[in-house]
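Peer 1: Coordinates for the following, if possible.
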Amino acid sequence: MKREYSKVRIGVILILTACAFIVFGLRLTYIQVIRGSEWRKIARRQFIQSIEVPAVRGEILDTWGNRIVANEMRQSVFAYPMDKKDVKEIYRRLGRSLGLSQNKLKKKYKLKPCGFTWIKRSMTSVEMAKFEKHISMCGLFVRE
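Peer 2: The predicted structure follows:
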């Protein structure tokens with residue numbers, strides 16, 4: 001009698017375990033196959049990029065402590081759009097800040113989603129003032 005009872009118990013446990021694996025398998029299939037494209041879009045939006053920020057270089061002094069060379073901080077603007085919507089927004093904002101048409105900007109910069117492009121390098125503070133109000137979360141970034 002104990003043997004039959006333990007066989008029934010083992011059978012129930014095996015059936016429950018098999019059902020659990022089937023449920024997990026169906027859920028994984030649903031997430032990866034059916035909703036996979038949605039999750040890829042979410043992952044692209046949450047993409048984080050590491051950008052190396054170099055240390056400020058020091059001044060070069062002669063033997064008596066007189067300055068020979070001094071650093072002048074300059075900033076550069078680059079674009080890294082995540083999708084086509086960002087590309088359009090970058091062209092629109094660049095058109096405003098540079099006073100150029102979007103067609104001229106498209107010929108000059110040729111932006112692509114998930115592609116790095118320098119917009120302007122080593123800008124003075126006056127040049128940077130043009131860009132500052134148009135740089136935001138659309139894919140335009142500043143590097144010193």
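Peer 1: mind listing the strands in the protein by residue range?
Peer 2: For the chain, applying DSSP state E gives strands covering 60-61, 67-69, 75-79, 117-123, 140-143.
Peer 1: out of those, deepest packed?
Peer 2: Scoring the strands of the chain by mean neighbour count under mean count of other Cβ atoms under 10 Å gives strand 75-79 as the most buried, with a mean of 19. Placement of C-beta: from N, CA and C, glycine included.
Peer 1: Remind me what that strand packs against, helices and strands.
Peer 2: Contacts defined by 3 or more Cβ pairs under 8 Å, 6 or more residues apart in numbering; DSSP states H and E place strand 75-79 against strand 117-123, helix 125-132, strand 140-143.
Peer 1: ok, and what's touching it?
Peer 2: Contacting residues not belonging to strand 75-79 are listed as 90, 109, 111, 116-123, 128, 131, 135, 139-144 [Cβ atoms under 8 Å, 6 or more residues apart in numbering].
Peer 1: If you compare the directions of that strand and strand 117-123, what angle comes out?
Peer 2: When axes from the mean of the first three to the mean of the last three Cα atoms, to 10 degrees is applied, the directions of strand 75-79 and strand 117-123 differ by 170 degrees.
Peer 1: Within the sheet, what are the partner strands of strand 75-79, with directions?
Peer 2: The pairing partners recorded for strand 75-79 under DSSP bridges are strand 117-123 (antiparallel), strand 140-143 (antiparallel).
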